[in-house]
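**Student:** would you be able to build a 3D model of this:
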Amino acid sequence: METQNRTNFINALDYGFTPEASGIENRKALQKAVEEGGTIVISEPGTYKLAGTVYIGSYTSLLFANNTFIQKVNEEGWFSHVLLNKGALTKTYDTGIRIEHLHIIVNGMDIRKFEVEGLHGQLAFFYVKDLHITVFRCMDLGKWQYGIQICTFEDIIVKDVIIKGDKDGVHLGRGKRFLISEGIFDTYDDAVALNGHDYDVGNPELGWIEDGIVEKCQDLTHDGKCTDGYFCRMLAGAWVDWYPGIKLQKSDTVVANGRMYRVKADPDGKEYTSTICPSHEKGIKVIEGITWVVVQEDVTYTAGVRNVTFRDIYLHKPRTGFSIHFDNDRYSRSYYPGAEVPHQEQIMFDGIRVTHNQKAHLMEIGTPVDVINMVNSNIRNNTIYFHGNNAMEDYEETKINICGCIFNGVKQETLIENTVENKIVKVNYTGNMEM
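**Tutor:** Next comes the predicted model:
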């Protein structure tokens, strides 16, 4: 019986997308279905093999029935993304995309292979507006690819996700107005990454992540294994105009000819000297042994996080909960010496619950931040730790407001650790309790 109805929905089964089909057949079938736009339903439970990326455009909804799984398979070579929006390839905004009940089985196909330089989420979106991802599952995330990656966005919702494995769960690049809600994370690396700046391979563009909420999330213990990362990483950065003789390393960014360029290199600590200004309009070009990547034409000199609220977060894993910092190592130098200072602004923590008893920093702060608010939270043997990393001389004043919190294992007067020379931290305590 024909189940397609263009005034209602499209059943991918009618295009040959079935649990019995090969990965190649399913890739072609699902791509053909999404080309119709509208609402596409995968109605038959089962495991669907997929042998390549499916490209989704504007005003398209993909609705997967319960007990359906998309399994990556190698039938014509390794591939990165299960789904990628079409506009990512041309830096053209897609809008009105809905993904519901998608369960990805990575199946060992975990690869850092770029269709868009810096974009390597299993589920990936770049240049997107009005994106809604709900009931997403991935239980076998590998060491190279993020679960969900979204960069250069407006108005996104990521809700009801369970992500387990090694790499970042939800990884955002620059964008504004977002909600990440009801996430259960069991990841070796960051559960959530808000990376305005990033490694040269970490995000396709740089800038500010702002006006968002991360709420109702749990950071699980990863089976008690030693882990890297944080519940949430907030990564800032700044860079300068290119000039003759500029010294550069892996991941450095410069502004030249109305564009931003980055140095793509191995993490070998090598320093480069640039005397020829990059001027190519797109792609990658090697000049004087320096691999220059065109990042974007929307020029900015700073990147970071501002106006973001964390609410109802449960920290079960004994690691640093939140880190606001610059990288400064052989992988990346977030802040180029002498650049404009990127001020992180108005970060709110409401209802943070630490459930483990091990000594760990609740927050590590290594950038200038104007104000931090922490309210209605339950803190155990944790501290807020201010540190420098030789990125700049003046980390500026930070004001902290702590209200209605319960301290178990740490006293109010020892909550703040400030190891930054000449940095001033002003703290206001109101209505807190020590247990």
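**Student:** could you list the domains of this structure?
**Tutor:** Split into domains by automatic domain parsing, the chain comes to 10-236+305-434, 240-296.
**Student:** so how far does the last one reach from one end to the other?
**Tutor:** Distances were taken as Cα to Cα, to the nearest Å; on that basis the terminal residues of domain 240-296 are 15 Å apart.
**Student:** on the three-state scheme, Val201 is what?
**Tutor:** coil (DSSP: H, G, I helix; E, B strand; the rest coil).
**Student:** so what's the residue count around Lys264?
**Tutor:** 18 (other Cβ atoms under 10 Å). Yep, even glycine has a C-beta here, placed from its N, CA and C like the rest.
**Student:** got the contact list for it?
**Tutor:** 117, 200-201, 250, 284, 291-293 (Cβ atoms under 8 Å, 6 or more residues apart in numbering).
**Student:** could these be laid out in TSV, adding pLDDT, neighbour count and secondary structure?
**Tutor:** TSV is the format used below for the contacts of Lys264 (pLDDT from 0 to 100; neighbours: other Cβ atoms under 10 Å; DSSP: H, G, I helix; E, B strand; the rest coil):
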residue	pLDDT	neighbour count	secondary structure
Glu117	95	18	coil
Asp200	94	21	coil
Val201	94	21	coil
Lys250	97	24	coil
Ile284	96	13	strand
Thr291	98	16	strand
Trp292	98	25	strand
Val293	97	21	strand
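**Student:** got those residues as a markdown table, with distance to Tyr301 columns?
**Tutor:** Formatted as a markdown table, the contacts of Lys264 follow (distance: Cβ to Cβ, whole Å):
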| residue | distance to Tyr301 |
| --- | --- |
| Glu117 | 20 |
| Asp200 | 18 |
| Val201 | 22 |
| Lys250 | 20 |
| Ile284 | 22 |
| Thr291 | 22 |
| Trp292 | 18 |
| Val293 | 18 |
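**Student:** out of the residues you listed, which one sits closest to Asn85?
**Tutor:** Glu117 (16.0 Å; Cβ to Cβ).
**Student:** now the closest one. Nearest residue, chain neighbours left out?
**Tutor:** Val293 (5.5 Å; Cβ to Cβ, 6 or more residues apart in numbering).
**Student:** do I have it right that the one you found meets Tyr199?
**Tutor:** No: contact criterion Cβ atoms under 8 Å: Val293 and Tyr199 do not qualify, at 11.8 Å.
**Student:** what residues sit buried inside stretch 276-287?
**Tutor:** Neighbour counts using 16 or more other Cβ atoms under 10 Å place 277-278, 287 of stretch 276-287 among the buried residues.
**Student:** cool, stretch 391-403 as well?
**Tutor:** 391-392, 395, 398, 400, 402.
**Student:** tell me the least confident of those residues?
**Tutor:** Ranked by pLDDT, the buried residues of stretch 391-403 bottom out at Ala391 (79).
**Student:** so how far does stretch 60-69 reach from one end to the other?
**Tutor:** 20 Å.
**Student:** mean confidence score for it?
**Tutor:** The model assigns stretch 60-69 a mean pLDDT of 98.
**Student:** contacts made by it with the rest, please.
**Tutor:** Contacts for stretch 60-69 (Cβ under 8 Å, 6+ apart): 9, 34, 37-48, 56, 70, 83, 96-105.
**Student:** of those residues, grab the buried ones for ChimeraX.
**Tutor:** A single ChimeraX command selects the buried members of these (16+ other Cβ under 10 Å):
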select :9,34,37,39,40,41,42,44,48,56,70,83,97,98,99,100,101,102,103,104,105
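**Student:** ok, now how distant is the most centrally placed residue in the chain from Thr18?
**Tutor:** Nearest to the mean C-alpha position of the chain, counting by Cα atoms, centre = their mean, stands His171 at 1.5 Å. Distance check for His171 against Thr18: by Cβ to Cβ, to the nearest Å, it reads 32 Å.
**Student:** repeat that for Asp252.
**Tutor:** Distance from Asp252 to Thr18, by Cβ to Cβ: 49 Å.
**Student:** between these two, which is the more surrounded one?
**Tutor:** Looking at Asp252 and Thr18 with other Cβ under 10 Å, you find the greater number of neighbours at Asp252, namely 24 against 17.
**Student:** partner residues bridging the closest residue to that one other than its chain neighbours?
**Tutor:** Setting aside the residues directly before and after it, Asp252 is nearest to Val263 in space (Cβ to Cβ, 6+ apart), at 4.8 Å. Per DSSP bridges, the residues bridged to Val263 are Trp292.
**Student:** pLDDT weak spots in the chain?
**Tutor:** Along the chain, segments meeting pLDDT under 70 span 1-7, 224-226.
**Student:** any idea where the helices of it begin and end?
**Tutor:** Under the criterion DSSP state H, the chain contains helices at 23-34.
**Student:** reformat the buried residues of stretch 391-403 as JSON lines; add distance to Ala191.
**Tutor:** As requested, the buried residues of stretch 391-403 are arranged in JSON lines below (distance: Cβ to Cβ, whole Å):
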{"residue": "Ala391", "distance to Ala191": "25"}
{"residue": "Met392", "distance to Ala191": "28"}
{"residue": "Tyr395", "distance to Ala191": "26"}
{"residue": "Thr398", "distance to Ala191": "24"}
{"residue": "Ile400", "distance to Ala191": "23"}
{"residue": "Ile402", "distance to Ala191": "24"}
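**Student:** and which of those is nearest to Gly269?
**Tutor:** Once Cβ to Cβ is applied, the member of the buried residues of stretch 391-403 that ends up nearest Gly269 is Ala391, at 16.8 Å.
**Student:** so that closest one is in contact with Tyr335, correct?
**Tutor:** Yes: look at Ala391 against Tyr335 with Cβ under 8 Å: they come within range, at 4.2 Å.
**Student:** need the residues touching each of these two.
**Tutor:** Here Ala391 and Tyr335 have 326, 328 as joint contacts, going by Cβ under 8 Å, 6+ apart.
**Student:** span of stretch 41-60 from start to end?
**Tutor:** Rule used - Cα to Cα; the end-to-end distance of stretch 41-60 is 11 Å.
**Student:** whoops, stretch 281-301 was the one
**Tutor:** 19 Å.
**Student:** how about stretch 19-39?
**Tutor:** End-to-end for stretch 19-39, by Cα to Cα: 20 Å.
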